[in-house]
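Visitor: Provide a 3D model corresponding to the input given below.
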Amino acid sequence: MEFNTVIQNRYSCRAFAARAVEQEKVDRILEAGRIAPTAVNKQPVHVWAVTNPGTLEAIKGVTRSNYGALVLLVVGCRPADAWVRRYDAKNGAEVDASIVATYLMLAAENEGLATLWVGSFDPAGLAELLPGTEGYELVAMINVGYPSDSSAPSAMHGTRIPMGEFVTKVD
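Guide: Model (predicted):
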């Protein structure tokens with residue numbers, strides 16, 4: 001798919017179809033996340049790809065933002081492994097995780113799938129459900145799947161601030 005079409009078509013899906021996502025598509029999405037840029041290429045990010053029905057059901061206990069997706073990608077970062085800006089000690093781990101999460105969502109859209117970035121979840125409760133989360137800050141849960149026939153962008157999807165408020169051009 002042409003890139004501008006991908007970024008214009010992607011929306012926050014809140015109704016997923018009960019249709020399995022092909023493993024080949026999941027693998028391509030994960031590869032897109034794996035090659036996403038990180039500060040100084042430190043790669044302090046990990047993704048937990050959840051497809052187990054029991055685990056997906058248990059995760060409903062840590063968030064209300066579950067809409068029937070059959071794939072959940074949890075993105076975490078390890079601040080101890082991240083680049084730190086020397087001027088103010090800003091740790092780049094969460095930014096790196098956000099870049100990876102964005103790549104995952106755009107790759108899913110390119111595969112004909114829908115996504116929803118979930119930020120409202122209990123990170124401690126989620127960590128208890130996933131292996132190997134020690135030392136990681138869980139940043140995002142991304143629901144991935146085929147949209148249901150009733151799925152549509154929210155009424156606010158196309159609402160954007162004017163370009164003049166968004167950007168300051170410095171010549």
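
Visitor: Let me know the next secondary structure element after the biggest strand by length in the chain.
Guide: Assignment by DSSP state E gives strand 137-145 as the longest strand of the chain. Later in the chain than strand 137-145, the nearest helix or strand by DSSP states H and E is helix 163-166.

Visitor: Tell me which residues of the helix or strand of the chain with the lowest mean pLDDT come out buried.
Guide: The helix or strand of the chain with the lowest confidence, counting by mean pLDDT, DSSP states H and E, is helix 3-9 at a mean of 94. Residues of helix 3-9 classed as buried by neighbour count (16 or more other Cβ atoms under 10 Å): Val6. No exception for glycine: its C-beta is placed from N, CA and C like everyone else's.

Visitor: Stretch 77-90 too?
Guide: 77-79, 81-83.

Visitor: Longest helix of the chain, counting residues only.
Guide: With secondary structure taken from DSSP state H, the chain has its longest helix at helix 93-110.

Visitor: rewinding a little: could you list the residues in contact with the least confident helix or strand of the chain?
Guide: 1, 106, 109-110 (Cβ atoms under 8 Å, 6 or more residues apart in numbering).

Visitor: Run through the chain and note the low-pLDDT ranges.
Guide: Judged by pLDDT under 70, the chain has no weakly predicted residues.

Visitor: which residue is nearest the middle of the chain?
Guide: The chain has Ala101 as the residue nearest its centroid, 3.6 Å off, counting by Cα atoms, centre = their mean.
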